[in-house]
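# Can you look at this prediction? I've put the sequence above it.
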Amino acid sequence: MNMQNLLEELKKLLEQDERLVVDGKLLKNKIIESALKLDADLIKLLLKSETIKKHFFQEVDGVLVFDKIKFQKFVSNKAFLPDSYTSFKNKIGLVTENEEYLSESKEVVLAWPYKDCVLEGGMEKEDEKRDEIFYNEILAPDEIDRLLEPKVLTNFKRIDKDGEHKVKEIKENDSLIIRGNNLLALHSLKKRFAGKVKLIYIDPPYNTGNDSFLYNDSFNHSSWITFMKNRLEVAKGLLKEDGAIFVQCDDNEQAYLKVLLDEVFTRDNFVNTISLRVSPPEGVKTFHAERTILKEKEYLHVFGKNKSKLSFTPQYVKADSWDSHYASYIKNKNQPMERWKVIPLNLKLKEENLKPDLDSTNFVQWIIKNSDKIFQLIDAGKYKEEKKYKIDKFQYSDDKKILLYKGRKVHFLEEGLKQTDEGVTLSRLLCDFWKDISFNNLFQEGGVTLIGGKKPEKLIRRILSLLTQENDLVLDFNLGSGTTCAVAHKMKRQYIGIEQLDYGENDCVVRLKNVINGDQSGISKSVNWQGGGDFIYCELMKLNEKYVEEINKAKTTKELLNIWGTMKEKAFLSYKVDVKQFDENVNEFEQLSLENQKKFLIECLDKNQLYVNLSEIDDSEYEISKEDKELNKQFYEVK
């Protein structure tokens with residue numbers, strides 16, 4: 001019996017079991033589930049047919065044995081109960097030759113566009129029912145190297161306070177904004193920037209279902225992890241040995257992200273996980289307090305390239321409360337040290353009509369002005385055992401290292417004054433809980449808006465201050481509205497930002513133009529930003545990617561058919577596509593849903609040709625200008 005007849009006989013047989021039918025349609029997953037459980041009624045049903053019995057059962061020592069794996073693979077085959085999309089796809093030739101599960105094969109999956117990844121096997125069998133919005137496609141492993149080759153860059157512009165200019169040369173310290181797929185852009189950075197990036201900050205999509213990483217529940221977690229892994233692996237190679245990466249995330253994926261970072265950077269290079277207070281419990285949110293524990297925090301996972309070589313600059317924040325250990329006051333500090341007289345600080349405060357309250361401006365101003373007279377006594381270490389230091393007298397140790405009084409070390413308040421975001425004030429050392437940065441009302445920062453994704457400039461300033469100095473190189477490959485590059489520009493750091501989407505008037509390029517023109521929002525006043533500087537903008541040169549974008553934007557079948565007409569003539573189509581068969585069966589294409597029509601057209605494209613590979617820069621077919629060729633040679637340091 002041929003395959004088609006076997007399929008038809010099996011369908012008719014299974015339709016006799018009402019458990020396996022809903023609204024007149026067989027349930028493929030229910031059939032497989034019953035087979036794997038060796039459901040007795042299903043086995044009896046299958047044994048009614050001699051043909052089915054012969055195909056899926058075998059006799060062993062007089063006992064009839066059901067081959068459930070063979071049956072499962074047969075039912076899982078796309079030819080069994082195909083939908084209209086699969087039927088049309090089979091006609092046109094876009095079929096997968098290997099019908100095994102990916103976990104059992106050496107194939108990989110690409111999910112394009114925008115939130116794409118190279119998924120290397122490991123798919124669970126239940127993931128076969130996935131229904132991603134965009135669109136997994138199988139490539140053989142040897143095709144991946146070509147996919148990730150460096151790409152040709154084009155549309156170069158140098159942008160400064162006088163506008164946009166042609167780029168004549170790419171200098172070593174130029175900052176860059178690259179428009180294009182960030183996985184491919186990262187691979188394109190490797191030759192020029194491997195081992196040169198001091199700090200990477202990324203705020204990737206959180207996989208909440210509310211961001212732009214839109215996958216369905218049966219596949220989105222594994223896709224998200226792979227999406228991140230692909231990028232983290234190449235990003236690691238860009239870091240300097242004394243560099244670090246900061247990855248922001250919330251509870252949807254942060255635990256898995258930490259394990260992934262452990263794998264990519266190794267656990268020995270884990271620095272800390274910083275908790276950020278991002279959403280105080282107030283307003284409408286408190287209405288849900290009886291049903292759940294409200295979210296108030298997000299996380300920053302911090303890993304070094306080589307933790308042993310990291311050197312952080314300690315950061316300080318304004319102290320939360322007055323430290324009552326500062327209880328002594330020298331009332332005649334202007335006299336020689338041997339004449340100093342000590343009184344309780346409380347007496348002096350009473351005399352000044354002040355109370356120890358850091359919310360009082362008068363008190364804060366007074367203690368700062370008198371910080372060299374206010375002190376507390378702390379342990380003197382090795383000096384405390386020497387009798388000569390235990391007397392009621394101020395004196396320096398013999399080695400001149402510390403000042404002692406009554407056998408203890410004198411610690412003046414001025415030593416606790418540090419530069420903070422509020423200026424020089426009484427401070428505390430910042431550790432791994434940051435609760436002082438507001439994430440609200442950010443819509444005015446930089447003159448651009450990114451609802452639900454914008455981060456405070458103050459946060460990025462703190463991260464950059466922890467690890468970087470002027471002229472260090474900072475990278476953000478999930479740039480969004482451009483906060484990281486805007487802050488880096490104001491802090492005189494070199495930067496690279498990668499973003500695929502164009503947010504129009506709220507785009508990162510618009511924001512950086514505002515910065516160059518003297519934007520005074522965000523951290524501008526605290527760093528005395530007056531404007532100036534420049535950066536280079538460029539794009540990955542599109543091939544099939546332009547058709548992907550047109551397909552995604554299409555609103556009607558008519559638009560898609562017009563795009564197909566152009567694709568036939570100009571696009572790089574998959575070798576599997578039979579153009580003649582498509583045109584002969586166009587009526588079936590028109591019967592598909594708009595989403596399936598888009599899905600099919602994207603599958604027709606050769607994903608190795610989304611952008612122009614650098615290796616093909618001299619191919620006349622791509623019409624790359626002489627100027628672009630020269631700039632690419634400079635960028636990739638081709639001699």
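Yes, it's here.
# So which residues of the stretch 401-550 of the chain form strands?
For the stretch 401-550 of the chain, applying DSSP state E, counting those that start in this stretch gives strands covering 403-405, 408-412, 417-420, 423-429, 433-434, 473-476, 494-499, 535-540.
# Adding mean neighbour count and distance to Trp322, write those out as CSV.
No exception for glycine: its C-beta is placed from N, CA and C like everyone else's. Formatted as CSV, the strands of the stretch 401-550 of the chain follow (neighbours: other CB atoms under 10 Å; distance: least, CB to CB, whole Å):
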stretch, mean neighbour count, distance to Trp322
strand 403-405, 20, 22
strand 408-412, 19, 15
strand 417-420, 17, 14
strand 423-429, 15, 8
strand 433-434, 16, 20
strand 473-476, 26, 37
strand 494-499, 26, 40
strand 535-540, 22, 45
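# Just the endpoints, please. Distance across stretch 410-424?
Using CA to CA, to the nearest Å, one end of stretch 410-424 lies 21 Å from the other.
# do the same with stretch 570-577
14 Å.
# So the chain: which segments form each domain?
3-81, 95-145, 155-314+435-514, 318-429 (automatic domain parsing).
# from memory Ile330 sits against Pro344, does it?
No - checked against CB atoms under 8 Å, the pair Ile330 and Pro344 is beyond contact range at 11.6 Å.
# quick one, helices of the stretch 151-300 of the chain?
Secondary structure of the stretch 151-300 of the chain (DSSP state H, counting those that start in this stretch): helices located at 182-193, 220-238, 254-265.
# Compare those helices and give me the one nearest Glu470.
helix 182-193 (18.4 Å; CB to CB).
# What residues of the closest one count as buried?
By neighbour count on 16 or more other CB atoms under 10 Å, the buried set for helix 182-193 is Asn182, Leu183, Leu184, Ala185, Leu186, His187, Ser188, Leu189, Arg192, Phe193.
# Equivalent analysis for stretch 515-522, please.
Buried residues in stretch 515-522 (16+ other CB under 10 Å): Val515, Ile516, Asp519, Ser521, Gly522.
# go on, stretch 475-489?
475-489.
# Tell me where the stretch 151-300 of the chain has strands.
Using DSSP E, counting those that start in this stretch, strands in the stretch 151-300 of the chain cover 153-160, 163-165, 176-179, 197-202, 239-249, 270-277, 297-304.
# Which one, of the ones you listed, ends up nearest to Leu42?
Of all the strands of the stretch 151-300 of the chain, strand 239-249 comes closest under CB to CB, at 44.5 Å.
# quick check: angle from the closest one to strand 297-304?
Interaxial angle, strand 239-249 versus strand 297-304 (axes from the mean of the first three to the mean of the last three CA atoms, to 10 degrees): 170 degrees.
# coming back round to it: quick check: which of the domains of the chain has the most neighbours on average?
domain 155-314+435-514 (a mean of 18; mean count of other CB atoms under 10 Å).
# Not counting its neighbours along the chain, what's nearest the residue nearest the centre of the chain?
The residue lying closest to the centre of the chain (CA atoms, centre = their mean) is Pro204, at 2.2 Å. Closest residue to Pro204 apart from its sequence neighbours, by CB to CB, 6 or more residues apart in numbering: Asn478 at 4.9 Å.
# ok now do that neighbour, which residues does it touch?
By CB atoms under 8 Å, 6 or more residues apart in numbering, Asn478 lies in contact with Asn182, Ile202, Asp203, Pro204, Pro205, Ile498, Glu499.
# Let's have those in a markdown table, adding distance to Asn585 and pLDDT.
A markdown table is the format used below for the contacts of Asn478 (distance: CB to CB, whole Å; pLDDT from 0 to 100):
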| residue | distance to Asn585 | pLDDT |
| --- | --- | --- |
| Asn182 | 37 | 91 |
| Ile202 | 44 | 96 |
| Asp203 | 45 | 91 |
| Pro204 | 41 | 86 |
| Pro205 | 37 | 78 |
| Ile498 | 40 | 96 |
| Glu499 | 39 | 93 |
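# Quickly check those for the two that are furthest apart.
That would be Pro205 and Ile498, which, of the contacts of Asn478, are the farthest apart (CB to CB) at 14.2 Å.
# Look at Lys626 and say how many residues are nearby.
Per other CB atoms under 10 Å, the neighbour tally for Lys626 reads 7.
# What distance do you get for it to Glu15?
Distance from Lys626 to Glu15, counting by CB to CB, to the nearest Å: 67 Å.
# same question, Val527
73 Å.
# cool, and Val152?
For Val152 relative to Glu15 (CB to CB), the value is 56 Å.
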